[in-house]
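Colleague: here is a sequence with its predicted model. Questions after.
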Protein chains: 4
Amino acid sequence: MNGFGVIYRVTTFGESHGAAVGGVIEGMPAGIEIDIEKVQRELSRRRPGQSSIVTPRNEPDRINVLSGLLDGVTTGMPIGFMVENTNQHSSDYANIKDTFRPSHADYTYQTKYGIRDYRGGGRSSARETISRVVAGAFAKQALEKLGITVYAYTSQVGDIVLDKPYTELNLDSIDNNIVRCPDAEVAQRMIDLISEVKSQGDTIGGVVTGVIKGVPSGLGEPVFGKLHARLGDAMLGINAVKGFDYGEGFASAGMRGSEMIDTFVSENGRITTTTNHSGGIQGGISNGNDIYFRVAFKPVATLLRDVDTVDTNGNSTVLRAKGRHDPCVLPRAVPIVEAMAAMVILDNYLFNKTTHL
Amino acid sequence: MNGFGVIYRVTTFGESHGAAVGGVIEGMPAGIEIDIEKVQRELSRRRPGQSSIVTPRNEPDRINVLSGLLDGVTTGMPIGFMVENTNQHSSDYANIKDTFRPSHADYTYQTKYGIRDYRGGGRSSARETISRVVAGAFAKQALEKLGITVYAYTSQVGDIVLDKPYTELNLDSIDNNIVRCPDAEVAQRMIDLISEVKSQGDTIGGVVTGVIKGVPSGLGEPVFGKLHARLGDAMLGINAVKGFDYGEGFASAGMRGSEMIDTFVSENGRITTTTNHSGGIQGGISNGNDIYFRVAFKPVATLLRDVDTVDTNGNSTVLRAKGRHDPCVLPRAVPIVEAMAAMVILDNYLFNKTTHL
Amino acid sequence: MNGFGVIYRVTTFGESHGAAVGGVIEGMPAGIEIDIEKVQRELSRRRPGQSSIVTPRNEPDRINVLSGLLDGVTTGMPIGFMVENTNQHSSDYANIKDTFRPSHADYTYQTKYGIRDYRGGGRSSARETISRVVAGAFAKQALEKLGITVYAYTSQVGDIVLDKPYTELNLDSIDNNIVRCPDAEVAQRMIDLISEVKSQGDTIGGVVTGVIKGVPSGLGEPVFGKLHARLGDAMLGINAVKGFDYGEGFASAGMRGSEMIDTFVSENGRITTTTNHSGGIQGGISNGNDIYFRVAFKPVATLLRDVDTVDTNGNSTVLRAKGRHDPCVLPRAVPIVEAMAAMVILDNYLFNKTTHL
Amino acid sequence: MNGFGVIYRVTTFGESHGAAVGGVIEGMPAGIEIDIEKVQRELSRRRPGQSSIVTPRNEPDRINVLSGLLDGVTTGMPIGFMVENTNQHSSDYANIKDTFRPSHADYTYQTKYGIRDYRGGGRSSARETISRVVAGAFAKQALEKLGITVYAYTSQVGDIVLDKPYTELNLDSIDNNIVRCPDAEVAQRMIDLISEVKSQGDTIGGVVTGVIKGVPSGLGEPVFGKLHARLGDAMLGINAVKGFDYGEGFASAGMRGSEMIDTFVSENGRITTTTNHSGGIQGGISNGNDIYFRVAFKPVATLLRDVDTVDTNGNSTVLRAKGRHDPCVLPRAVPIVEAMAAMVILDNYLFNKTTHL
């Protein structure tokens, strides 16, 4: 299950400390001019070492496109790509070869496969998300031609919650600070919290909010391909994600129908709604309103302090994490959420073309 | 996109007011004795008219198995099934033929397909979930042989929240009351709230909690088929669902790593964890602990009072809902959540058999 | 594996002697007026008892559409359908319950599943092809709107070979005789041979030739979805098929490149070829020329004479076939070949719409 | 459509003159020791320049495994791989940039995508089959553990037909000559014919026969995943293939049922058949007998002589092929046929594990 998407589809490969991570993008429409530097820029937004509140690992993460372009234009052929793993410190992981790190995938991979690539978490490492960011960056360039824009930002870190709706934020300012929260004051508090948590050798969770603007009505495929189910599937597959909701989401559980329904009105001959509690999707199909959703990330499981655990023989041991780790994944998760959302929307846009003869 | 699952897979058909709803189940293992009455019982838990707090429509919803069984035993062949639509009052819907009901799928279906079956919501009706319940009921009988049990219960209705963890509840008492909440006192408050809301012609949302016991470790397929992503996809596809989380879920966004990690210990030579914040899944693969998750349902969009809306020409109009509708979907959603969860687990159980030669 | 197609897709169910055969069609474009009588007509071309050279079983085989149409127009929703099994003589098969019929699927089904529906061959019966014919009949009505026509005819029965190319035949005369060969003289010889073979209690094989006219250039998806590979897959899945080729097919193995290439010329400003050895497909993509192909059918395995075999315990026994059986499947295979071809073309037509943004 | 297989699945990328060809293998069972040199050996059997009767291009084609192995053992993770394109003479193709080569994919790619990578045929080049050979070479190593062996050999070149059944040949001698025909005398005549054809600047077609030994009964998934349909689909996707049959194949069209059926007998308590006209598959499921099939290849479309054609504007022109081309693909097709067959069998072997709980 290393592929995602139906028409626009990426199939990925790669472990943290193997030769490379990469993948194959299928279904990219033909004839689209690609700016590879934009792809690189997305990778750089995801990469470690970009600021003081993420892991200080320094990985350049250069995109290498192997096929599918002719003079920078898509040919309709699959786009093979890879990013080499250049900054491998396998020795950092020698001590976990025979130990199960708590709340990591070590134990479950070992149980399922009978073998695991222990170096840096192997396939379960967040390094795998590089391929998602690449596939999303290509998708974004197609969506751009359709006037569709995907945004994501950090809306919660620990108990610091950005409680303004996205409509009151300047989404073009997301990258203005290192935590990627488009409210300077809240961003600073988040940064302070992450710094504090880091100094304690601890980690902290948070929420990324996604917003998609310009989606035409009609995208999404009932009943098992509803647009929000595709988005949820996409987000839940990202490392460390524990929850997804859209529109009013979990809050709608506490609401009455009379508060929740979006009243239809006609504006300049076009039918629209006075509110958007639904989150831009009704019956699994986009209605032309903004789509917005939330993605909950748990705190990183690797603590920079001693933790009790067991070795692969079941003996008690104490784990001393080496290497460099993120105290909070949120800042680096933002481009990953955007990437997955972009893939879902492009895939559904293309699929929707088959609705009529 | 009318199919769900990879190995154990159901493909469904049917509109609210067509001849029948039904589907085809593929991948049901051969040689399993099926108790059709158990399937019927699940349908009856879902059906309208079963209590005072759901819609009073009286639909018997009898399962009709068309293939795949020989003397009550599965043959490995696809199981065709249908449930006839016997209680159709199409006339109840004549008034919505040319009107878009707010927060329903009328507008999006019309936009996408250029045509819509307006009778009872057509394909977007919750009647479609009958096929899910049937496919889930077959899956449950296979899971039973594996010692896996799926539970779901109402844990929130409006502002009434059952705040005990599932571990403190008697999950065998879920069906003891009509709201399907395994705490008699909280259940009564939920019932009272639903009755009150109903008397006001309004509706109310809520949360269903799911619990799966007995899942062996090893189920789930990284990186795009993580077990929780499959569960989330399954739940988000159910009508009226707005959110999904598992384990600590959205609460984990506010937690520190030191609070969230599940410490490994060895008990009687078996590796286990002292806590289960992860919700039984790590790295997308089950670890043998209980799996638990939440599903948020919005309030039903059909109010039994006048609502403002527009007709298909964009003219303002007032909609007076006819027919019989649920003030709260939660009681009837419980068996649907269970069904989808059962399908996901069986599908992943079978897929996992391909991990080794 | 009971589904066929990517966008236009049918998932089927049903055994020979169960309650019904049927399926679910997905991806039928919305807004197409359907003539159900045309679907019924295709079923009648396939049904037993239609002439003296096929099995005399009398099965009316009435199509029953359960969903997906509103006032006879497709809504974009899945089309559930079934055909009841009304003429079941299960007692005819009591003698084969514990016997493996030679060159039937009895042994392999028993080995694979550990259980088999012995009545009439169960799922392996050609009765399963009813669902293919229905899905193909719907596809044909969509193709009609695109100016695409699918033909098939009997071009060989035993050693009687129709050696004219399709271009010299009147394809509108295919149904003028009971063997469905568009050459009256050859048809009569085929009919005579079948009658002779039948009188001997034996059976005979043959070839169906398919021709598809009006296919626009551009259909087919390299490299694993080449149009001819999809056609081949479709045909090889039909009961009793042993081979498929297209264009010059197996004959091209004996040819030189200088004989085989189709020279491009420009006619009235349109590029075309002087010959069509390729069979309308180059590099897996249609080029606008006619597509033509051959499908080889083995002789029916059920002989109306005593045959030596073993019972399920491996003891030698003699099988005396009861019931009514076809001496030659070719006449009834013609509509099935057409149906599968129609599905492939419609599916690829729809998929091709995703090539460009 | 760049992926093939359900459980064991390869997704490929790459053009003739891009940076590399390669792919991602999913579903490789965990815990299998891989001999990379064996993979390389299969690539070398496919590579150009290996003998006097194939193209003299000299491409080393070194396999580069990027993920999925730990100390040479499969981890259950996807295997990313690539082979760099080192011997690119793009200038050889400058003259075809604006010309449609007859019976190549130039015209259809241009029509479908509106753009084509003209260099060496781009994606439609047989260089794409490198990825198939790699995925097949991995599959073979898994099959070896199951005692399954896949053979293929050249059984026809032009009018020279090897008319012995495979049972009378020494299949271990296939690589003893450069045309890969396991009959020294016939092989020499084939080689002579290819040399003659080459000297005329012409090309010639042929047939590859495949044989699979050791397949257990039970592989194949009715009704749309029949084992022979999967094999046919696999073979028809190989460049230049025009036909596929199995068992008696097209010959069965001329046979009577009494000649074709395989009589069951009991040998040492094991049920087997006295003949194998069926080709090891009945009802789409393997029966334990050898599987054998034929694959028809057309003559290569690139002639080393002047050919008439048109340019992309439709003007008549004469094409003078440059570069180095195969007069006959058969010798190099043998490992490709083996590779595709190996993938199909492994995929079905794994899928069959899901038949029972």
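Modeller: Received, thanks. If you're wondering where the values come from, they're calculated on a predicted model, not measured in any experiment.
Colleague: let me see the ranges of the strands in the stretch 1-150 of chain A.
Modeller: For the stretch 1-150 of chain A, the strands defined by DSSP state E, counting those that start in this stretch cover A:3-4, A:9-13, A:20-26, A:64-65, A:69-70, A:73-74, A:79-84, A:99-100, A:149-157.
Colleague: can you flag the weakest of those strands by average pLDDT?
Modeller: Lowest mean pLDDT within the strands of the stretch 1-150 of chain A: strand A:99-100, at a mean of 94.
Colleague: make a markdown table from the strands of the stretch 1-150 of chain A and add mean neighbour count to it.
Modeller: Where you see a C-beta, it was placed from the backbone N, CA and C, and this is true even at glycine. As requested, the strands of the stretch 1-150 of chain A are exported to a markdown table (neighbours: other CB atoms under 10 Å in any protein chain shown):
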| stretch | mean neighbour count |
| --- | --- |
| strand A:3-4 | 24 |
| strand A:9-13 | 29 |
| strand A:20-26 | 28 |
| strand A:64-65 | 18 |
| strand A:69-70 | 20 |
| strand A:73-74 | 18 |
| strand A:79-84 | 25 |
| strand A:99-100 | 24 |
| strand A:149-157 | 25 |
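Colleague: and those strands as CSV, adding distance to B:Ser266?
Modeller: Listed next are the strands of the stretch 1-150 of chain A as CSV, based on distance: least, CB to CB, whole Å:
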stretch, distance to B:Ser266
strand A:3-4, 37
strand A:9-13, 34
strand A:20-26, 34
strand A:64-65, 45
strand A:69-70, 53
strand A:73-74, 54
strand A:79-84, 39
strand A:99-100, 10
strand A:149-157, 35
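Colleague: between the ones you listed, which one is nearest to A:Phe293?
Modeller: Ranking these by proximity to A:Phe293 (CB to CB) places strand A:149-157 first, at 9.4 Å.
Colleague: pull the residues that contact the helix or strand just after that closest one.
Modeller: Later in the chain than strand A:149-157, the nearest helix or strand by DSSP states H and E is strand A:160-161. With contact meaning CB atoms under 8 Å, 6 or more residues apart in numbering or on different chains, strand A:160-161 is reached by A:155, A:186, A:189-190, A:193, A:207.
Colleague: run a quick neighbour tally on the residue nearest to A:Leu69 when sequence neighbours are not counted.
Modeller: Leaving aside its sequence neighbours, A:Leu69 sits nearest to A:Ile34 (CB to CB, 6 or more residues apart in numbering or on different chains; 6.1 Å). Residues lying near A:Ile34 (other CB atoms under 10 Å in any protein chain shown) number 19.
Colleague: would you confirm that A:Glu248 contacts B:Lys242?
Modeller: Yes. A:Glu248 lies in contact with B:Lys242 (CB atoms under 8 Å); the separation is 6.3 Å.
Colleague: between those two, who's got more neighbours?
Modeller: Taking other CB under 10 Å, A:Glu248 and B:Lys242 do not tie; B:Lys242 has more neighbours (28 against 24).
Colleague: who in the stretch 51-200 of chain A is up against chain D?
Modeller: For the stretch 51-200 of chain A, the residues in contact with chain D (CB under 8 Å from any CB of the partner chain) are A:64-68, A:70, A:73-80, A:82, A:112-117, A:122-123.
Colleague: can you check the pLDDT for A:Leu169?
Modeller: In this model, A:Leu169 carries a pLDDT of 98.
Colleague: typed the wrong thing, it's A:Asp92
Modeller: 67.
Colleague: run a quick neighbour tally on the residue nearest to A:Ile148 when sequence neighbours are not counted.
Modeller: Nearest residue to A:Ile148, sequence neighbours excluded (CB to CB, 6+ apart): A:Gly214, at 4.2 Å. A:Gly214 is flanked by 15 other residues according to other CB under 10 Å.
Colleague: can you pull the contacts of A:Gly214?
Modeller: A:146-149.
Colleague: swap in A:Leu219?
Modeller: A:227, A:285-286, A:345, A:348-349, A:352.
Colleague: cutoff 6 Å now
Modeller: Counting by CB atoms under 6 Å, 6 or more residues apart in numbering or on different chains, A:Leu219 makes contact with A:227, A:286, A:348-349, A:352.
Colleague: just checking, A:Ala234 touches A:Val344?
Modeller: Yes. If you go by CB atoms under 6 Å, A:Ala234 and A:Val344 touch, sitting 5.1 Å apart.
Colleague: is it possible to get a markdown table of the contacts of strand A:160-161 that adds distance to chain C?
Modeller: Compiled in a markdown table, the contacts of strand A:160-161 are given as follows (distance: CB to the nearest CB, whole Å):
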| residue | distance to chain C |
| --- | --- |
| A:Ser155 | 31 |
| A:Val186 | 37 |
| A:Arg189 | 42 |
| A:Met190 | 38 |
| A:Leu193 | 43 |
| A:Val207 | 33 |
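Colleague: now, those residues that are in strands?
Modeller: Using DSSP state E, A:155, A:207 are the members of these that sit in strands.
Colleague: need the single longest helix in chain A, by residues.
Modeller: The longest helix of chain A (DSSP state H) is helix A:330-352.
Colleague: other SSEs contacting that helix?
Modeller: For helix A:330-352, the packing partners by 3 or more CB pairs under 6 Å, 6 or more residues apart in numbering or on different chains; DSSP states H and E come out as helix A:36-46, helix A:129-146, strand A:149-157, strand A:206-213, helix A:227-236.
Colleague: nearest spatial neighbour of whichever residue of the stretch 201-350 of chain A sits closest to chain B, chain-adjacent residues omitted?
Modeller: Closest residue of the stretch 201-350 of chain A to chain B, CB to the nearest CB: A:Gly283 (2.3 Å). Nearest residue to A:Gly283, sequence neighbours excluded (CB to CB, 6+ apart): B:Ala105, at 2.3 Å.
Colleague: the one you found and A:Gln282 touch, don't they?
Modeller: Yes. If you go by CB under 6 Å, B:Ala105 and A:Gln282 touch, sitting 5.5 Å apart.
Colleague: what count of nearby residues applies to the residue in the stretch 51-200 of chain A that chain B sits nearest to?
Modeller: Closest to chain B within the stretch 51-200 of chain A is A:Ala105: 2.3 Å, counting by CB to the nearest CB. As a burial measure, A:Ala105 scores 27 neighbours (other CB under 10 Å).
Colleague: measure it to chain D for me?
Modeller: 12 Å (CB to the nearest CB, to the nearest Å).
Colleague: where along the stretch 251-357 of chain A do the helices fall?
Modeller: Ranges of helices within the stretch 251-357 of chain A are A:257-260, A:330-352, based on DSSP state H, counting those that start in this stretch.
Colleague: save these as TSV, and put in mean pLDDT and mean neighbour count too.
Modeller: Shown next, in TSV, are the helices of the stretch 251-357 of chain A (pLDDT from 0 to 100; neighbours: other CB atoms under 10 Å in any protein chain shown):
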stretch	mean pLDDT	mean neighbour count
helix A:257-260	97	21
helix A:330-352	98	27
